[in-house]
Structure formats: C-alpha cells, structure tokens
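# Could you look at this predicted model? Sequence included:
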Amino acid sequence: MAQAPSVLAKGTTTYFQPKNPNETDSTIQKRLAFLVGLVAFGLPVVLAAGAIFGGSCFRDSISHFYYAQFLGAIFVGLLIFIGGFLIAYTGEHWLEDLGSFIAGIGACFVAIFPTSGSGCEMPASFLSRVFATIQQATPPSIPNPEGADLFILFAKAPDLHAYAAGTLFIYLGLYCMFVLRRVVPERHEVNNRLIPSKQRRNVLYAICGLTILFCVLVLGAVGFLGGENFLKDWNSINLTFVFETIALWAFGTAWFAKGRVFPKLNDT
C-alpha cells in the first residue's frame, strides 16, 4: 500500500498552473532564440541612439562603447546575456554543444576584456569611463595622467578581446551555414523531397551565414592590413561599427527564423 505524501511533499493544483501544460522544452528554446535575435538587433540600435540623442561620442566600434558612461553597462549586460544563452544552449549534436559553449565563453570575454583606445578620436572632449589609479586625497588625484593609458585594462586584454570576438562571429557564421541548414529527413522531407518551408529557411540561413563571415573577413583584413591613414579615414565614418551591426543583424535574423518568427518560413 502506497504511503500518502507528506505535507512538505504536496504542492498546489490550483495556483500557478501553466497556461499550456503540454509546452515542451523545444518551445521554450524557440522563445529564447527569439530573445537572442532581439538582443542582436537591439544592441547596435540602442548604442547608436544613445550616442546620437544622448550627446555622447559615437564610438568607432560597438566594442568601444564599453567606455561609455551609461551605454557601457548596456553593452556588457546584453553581451553577457548572449554569452550565457550560448553556454546553456542544448543542441542536438555534441559538436553543436561544444561550439556553442566556446562561442558563449567568447561573448563573455568580449564583454569582460575591453578593446583598447577610446574610440572617440574626433571630438575635442567627451565623457567616458577610464582605468585610472586614484590617490585618496582632498581632492582625489590621478598620478601621472599624461603617461597613463586610460583605455586599456591590461596589456593582453585587447588581444583577448579580438580573439574572442573573432571566435564568436566565426562560430555564428558557421552555425548558420551548417547547423541551421542541416536536413533531418524525418522532419524536413516528404517523399524524399525537401519541404518548401525548409528550403526557404535554408536560403535565409545561408545568406545570414555568408554575410557574417564576409563581415569577419573584412574586419580582419582591415585590422591586419589597414595602414594608419586608411584606419583614420575608416574610423572617421565608423565603418567598424557598421560591419559589426550588419553581422549582428544577420545573426539576429537567423535566430528569428529559428524562433519561428516569420510565418512563411515555418513548417505546416
């Protein structure tokens, strides 16, 4: 004869009941995919709007917004959100899980280890967060501010930032090209033919993946091959910010499709 559950073991069957008791983990992951896509779209928009309407410096790259007084916290927080999602993401193949974990660590490194330089070469003055040694005095003072590099956490931080950013974006491009475009016959084929909705999604995923990898290639070439005068002209119109935004929007579009946001791309 089964024992009756104890008072501590019992739970309510009246309150806090889910709207859809049959909701699966797959549905929850689709919601999270939508949120990640929303963050990818929203991050550059929020940073640009904050710089334009908030009277702040429009930084050379998205990463340089780390040093913005208010927007820096938004940059770090949203990247940590993306990184945390990628780390926790459960795929359907061990390579997918491993790649997502590495990319998630990369996103966190991009947020934690800032790039070098203020990203604000043009304005004569601007508000910014800096790294400085403060001497407790009245008033407080910064020793030898002329010789201090106020926009570097430590010597290797910019290198860690660059490698992490490259790892993150390369993974996102390859994820779109290979993982999102994979064909599972039981789901995506009827009479050995790919269903139209999956065909359309795969075309979109391919475009997004190629766009991300193209942006990585361009930014990598600029970083390694660009001369001083070229970089000055490049940064004067914030082209690094532009290419990073394009890559993020391509990533966001792919994850919107994965989250089944576009009705014409969904399976019937």
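Great, that's in hand.
# can you count the residues close to residue 71?
By other CB atoms under 10 Å, the residues close to residue 71 number 20. For every residue, glycine as well, the C-beta is placed using N, CA and C.
# Run a quick neighbour tally on the residue nearest to it when sequence neighbours are not counted.
Spatial nearest neighbour of residue 71, excluding adjacent residues (CB to CB, 6 or more residues apart in numbering): residue 50 at 4.6 Å. Neighbour count for residue 50, taken as other CB under 10 Å: 18.
# quick one: which helix or strand includes residue 50?
According to DSSP states H and E, residue 50 maps onto helix 25-53.
# For that helix, the averaged confidence score.
The average pLDDT within helix 25-53 is 87.
# Please save the CA atoms from the helix or strand that it is followed by in PDB.
Moving toward the C-terminus from helix 25-53, the next helix or strand (DSSP H and E) is helix 71-88. The C-alpha trace of helix 71-88 is given here as PDB (Å, rounded to 0.1, in the frame of the first residue of the first chain):
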ATOM      1  CA  LEU A  71      25.800  52.700 -22.500                       C
ATOM      2  CA  GLY A  72      28.800  50.700 -21.400                       C
ATOM      3  CA  ALA A  73      26.700  48.800 -18.800                       C
ATOM      4  CA  ILE A  74      24.100  48.000 -21.500                       C
ATOM      5  CA  PHE A  75      26.800  46.700 -23.900                       C
ATOM      6  CA  VAL A  76      28.300  44.400 -21.200                       C
ATOM      7  CA  GLY A  77      24.900  43.200 -19.900                       C
ATOM      8  CA  LEU A  78      23.500  42.300 -23.300                       C
ATOM      9  CA  LEU A  79      26.700  40.500 -24.400                       C
ATOM     10  CA  ILE A  80      26.700  38.500 -21.100                       C
ATOM     11  CA  PHE A  81      23.100  37.600 -21.900                       C
ATOM     12  CA  ILE A  82      24.000  36.300 -25.300                       C
ATOM     13  CA  GLY A  83      27.100  34.500 -23.900                       C
ATOM     14  CA  GLY A  84      25.000  32.900 -21.100                       C
ATOM     15  CA  PHE A  85      22.400  31.700 -23.600                       C
ATOM     16  CA  LEU A  86      25.100  30.100 -25.900                       C
ATOM     17  CA  ILE A  87      26.700  28.400 -22.900                       C
ATOM     18  CA  ALA A  88      23.400  27.000 -21.700                       C
END
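# Please name every helix or strand in contact with helix 71-88.
Packing partners of helix 71-88 (3 or more CB pairs under 8 Å, 6 or more residues apart in numbering; DSSP states H and E): helix 25-53, helix 94-112.
# Low-confidence ranges, this structure, go.
Within the chain, the ranges that satisfy pLDDT under 70 run 1-3, 20-26, 145-148.
# what residues are up against the nearest residue to residue 183 once chain neighbours are set aside?
Closest residue in space to residue 183, ignoring its immediate chain neighbours: residue 194 at 6.4 Å, by CB to CB, 6+ apart. By CB atoms under 8 Å, 6 or more residues apart in numbering, the contact set of residue 194 is 183, 188, 202.
# Now do residue 194 against residue 208, distance only.
19 Å (CB to CB, to the nearest Å).
# ok, back up a step: mind checking which of the helices and strands packed on helix 71-88 is nearest residue 74?
Across the helices and strands packed on helix 71-88, residue 74 has its closest neighbour in helix 25-53 (6.0 Å, CB to CB).
# Tell me the buried residues in the closest one?
By neighbour count on 16 or more other CB atoms under 10 Å, the buried set for helix 25-53 is 29-30, 33-34, 36-41, 43-44, 46-48, 50-51.
# before we move on, what about stretch 239-256?
Neighbour counts over stretch 239-256 (16+ other CB under 10 Å) mark 239-241, 243-256 as buried.
# From the contact counts, what lies against the host helix or strand of residue 233?
Assigned by DSSP H and E, residue 233 belongs to helix 228-236. Counting contacts by 3+ CB pairs under 8 Å, 6+ apart, helix 228-236 packs against helix 196-225.
# Since that was my last question, I'll sign off now.
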